[in-house]
Every structure is written in C-alpha cells, then in structure tokens.
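**Q** Give the three-dimensional model of this entry:
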Amino acid sequence: MTKTTTPAPSTADREIVITRVYDAPRQLVFDAWTDPKHIAQWWGPNGFTTTIHERTVRPGGVWRFIMHGPDGVDWPNRIDYLEVVPPERLVYYHDSDIDNDPDRFHVTVTFVEDDGRTTLTLRTLFNTVEQCEQVKAFGAVEGGKQTLERLAQFLAGK
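**A** Down below sits the predicted model:
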C-alpha cells in the first residue's frame, strides 16, 4: 500500500528572510547577539537606540526593551525565547510587549561558521500574508538590513 502525504504549505508569502556574512567567528557573532552589554550598542535601524529593561537569553526567558526612534517615538518590544542553542540558533516570538499581541511574529536566527566567517540568517515568519505585507510597507526589510549593518560595524571594532 502506498502512503500519500500532503506537503506542508509554503510560508514564503508570509516570511522575510535576510542573510548577512560577517568576517568574524560564529561565537563572537552569537555573543554580540545575546550579551546585553553588546546588543544595546548596535540593535535597531540607523538612528535608533535601545534601552533594555529585562534580558534572560534561555528557553522561557524574556527580553523587554524600548527602541527609541530618531524622531522621538518609543517602540516597546518583547521577545519570548523558545529555543537557544549556542552558538547555532535562536528561536523566539517578538511582539510589542502586549499580552496576546495579534501582531506577534516568529523569528529564527541561525549562525553558520565557515572558515572563520559567519553567515547569519534572520527568518521572520508572520501569521498572515497581510501582516507580512504591512511590515514590508513600514520598512522592515530595510530596517533589518540596517540593523545587520550596525552589527557588522560593531563586530569590526572587536
């Protein structure tokens, strides 16, 4: 008897994937992403600063922070860690620090080392195509690229 399976539905239409290669070892890149004293120095698009209120990087841990925009607008954020596999992977939910936030999204960050360089892939999965399109229109792709560029500048100083 032949078993028939239904393929999993594609998520490409509700995903944003940004990849960046760093001329730095994986452990250094992972530490820059997970150490509160480092991440506050580079997190966010150009012109943003970050104030960390709470940060515990472990499964079940939480990172609460405010991103301060160059226009004076404050953006509350919360990350709930689901999976932390040093120095390979982080998996978390990201929201606006509102319980049951309907705009919460799922993020997977992977760190792959190859000959002393690290490929970081940031995969953001939204609940709906509409939600994905809204954040794209808001500038999330460019903001993500700027954030990863700021990480590159931070790493260059290490």
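**Q** And whichever strand or helix holds residue 52, how far out from the chain middle?
**A** Assigning secondary structure by DSSP states H and E places residue 52 in strand 49-55. From the chain centre to the centre of strand 49-55 is a distance of 15 Å (CA atoms, centre = their mean, to the nearest Å).
**Q** Could you list the buried residues of it?
**A** 50, 55 (16 or more other CB atoms under 10 Å). Using the backbone N, CA and C atoms, a C-beta is placed for each residue, glycine as well.
**Q** What's the mean pLDDT across stretch 91-109?
**A** Mean pLDDT, stretch 91-109: 97.
**Q** Ends of it, what's the gap?
**A** End-to-end span of stretch 91-109 (CA to CA, to the nearest Å): 6 Å.
**Q** ok, residues contacting the helix or strand bottoming out on mean pLDDT in the chain?
**A** Lowest by mean pLDDT, DSSP states H and E among the helices and strands of the chain is helix 36-39, with a mean of 94. For helix 36-39, the surrounding residues in contact (CB atoms under 8 Å, 6 or more residues apart in numbering) are 31, 32, 33, 50, 52, 55, 154.
**Q** so the last one touches residue 33, yeah?
**A** Which is residue 154. No. Applying CB atoms under 8 Å as the test, residue 154 and residue 33 come out as separate, 10.2 Å apart.
**Q** Just put the contacts of helix 36-39 in JSON lines and tack on pLDDT and distance to residue 104.
**A** Shown next, in JSON lines, are the contacts of helix 36-39 (pLDDT from 0 to 100; distance: CB to CB, whole Å):
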{"residue": "31", "pLDDT": "98", "distance to residue 104": "26"}
{"residue": "32", "pLDDT": "98", "distance to residue 104": "25"}
{"residue": "33", "pLDDT": "97", "distance to residue 104": "20"}
{"residue": "50", "pLDDT": "96", "distance to residue 104": "19"}
{"residue": "52", "pLDDT": "96", "distance to residue 104": "20"}
{"residue": "55", "pLDDT": "96", "distance to residue 104": "18"}
{"residue": "154", "pLDDT": "98", "distance to residue 104": "27"}
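**Q** okay, now residue 151: neighbour count?
**A** Residue 151: 22 surrounding residues under other CB atoms under 10 Å.
**Q** To which secondary structure element is it assigned?
**A** Assigned by DSSP H and E, residue 151 falls within helix 140-156.
**Q** Could I get the buried residue list for that helix?
**A** Residues 140, 143, 144, 146, 147, 148, 150, 151, 152, 154, 155 are the ones in helix 140-156 that count as buried (16+ other CB under 10 Å).
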